[in-house]
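[1] Got a predicted structure here, sequence first:
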Amino acid sequence: MRLPQPEMRRGRIEIIPMIDTIFFLLVFFMITWLTMTHMKGMNVSLPRQTKAGGKAPSSVMVSLSPQGGYYLDKRPVAQGVWKERLTKSLIAHPNSVVVLNVASTQKTQTLIELMDEVNGVIAASHTHAEVLIATPRTGKPDTSKNGADATSGDSGGSHDNR
C-alpha cells in the first residue's frame, strides 16, 4: 500500500523583507559612524544684527590679488603699509566691518594668515570691528550695475556682502 505523498512546494525568497533589513543596517551603520567621527572646524563669530533704526557700519575691504598684491578699498597698497592704513581707518571708524577678499587662486592658508593679521590689527587698534570673508559670486554675474565689479579676476576682486 502506497501512502500519498504531499506535493513538494518550492521555496520562495521574499525580497521586500530583505530590502527592509538592508536599509535598516545601512542607517544603523551610518549613524554609528557619524557619532564616532570627531568633526573639526574653525570657530567663526558671525556679525550681530544692527538695530533697525541704526545706521549701517562702514566697511573697509582688504583684498589680496592672485599675484599677491594687497589692496585697501580697491586701491593698491604696499605689503608693509596696509596694516598702518587699516589701523588708521579702524580708529576713525571703530565699529566698522573689515571685508577680506582673497583671490580664488590663493591657498586657504593664505586666507587664514590674512585673517590672523587683520585680527591683530583690530586688537592693536582697540576697536570693535568685525571681520567678514567675501565669497565669490556663483552663476552668471550681474552686469546691470557695474561690469567691472562683476568679474572675479580683476585685481580688486569681487565681493558679496551678505
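    Noted; the coordinates are in hand.

[2] pLDDT of the longest helix seen in the chain, averaged?
    Using DSSP state H to define each element, the chain has its longest helix at helix 15-36. For helix 15-36, mean pLDDT rounds to 92.

[3] Please save the CA atoms from it in CSV.
    C-alpha atoms of helix 15-36 as CSV (Å, rounded to 0.1, in the frame of the first residue of the first chain):
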residue,chain,number,x,y,z
ILE,A,15,12.9,40.3,-1.5
ILE,A,16,10.9,43.0,0.4
PRO,A,17,11.8,42.0,3.9
MET,A,18,15.4,41.6,2.7
ILE,A,19,15.5,45.2,1.4
ASP,A,20,14.0,46.5,4.6
THR,A,21,16.7,44.7,6.6
ILE,A,22,19.5,46.0,4.4
PHE,A,23,18.3,49.6,4.7
PHE,A,24,18.0,49.2,8.5
LEU,A,25,21.6,48.0,8.7
LEU,A,26,22.7,50.8,6.4
VAL,A,27,21.1,53.5,8.5
PHE,A,28,22.4,51.9,11.7
PHE,A,29,26.0,51.9,10.4
MET,A,30,25.8,55.4,9.1
ILE,A,31,24.5,56.8,12.4
THR,A,32,27.1,54.8,14.3
TRP,A,33,29.9,56.0,12.0
LEU,A,34,28.8,59.7,12.4
THR,A,35,28.8,59.5,16.2
MET,A,36,32.3,58.1,16.2
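
[4] just checking, next helix/strand downstream of that helix?
    strand 59-64 (DSSP states H and E).

[5] next structured bit after that next one?
    Under the assignment DSSP H and E, the closest C-terminal helix or strand after strand 59-64 is strand 70-72.

[6] Give me the contacts around whichever helix or strand comes after that next one.
    Counting by DSSP H and E, the element after strand 70-72 in chain order, helix or strand, is strand 75-77. Strand 75-77 is contacted from outside by 69-71, 85, 155, using Cβ atoms under 8 Å, 6 or more residues apart in numbering. Every C-beta, even on glycine, is put in place using the N, C-alpha and C of the backbone.

[7] show me the contacts for V62.
    70-72, 82, 86, 98-101, 114, 118.
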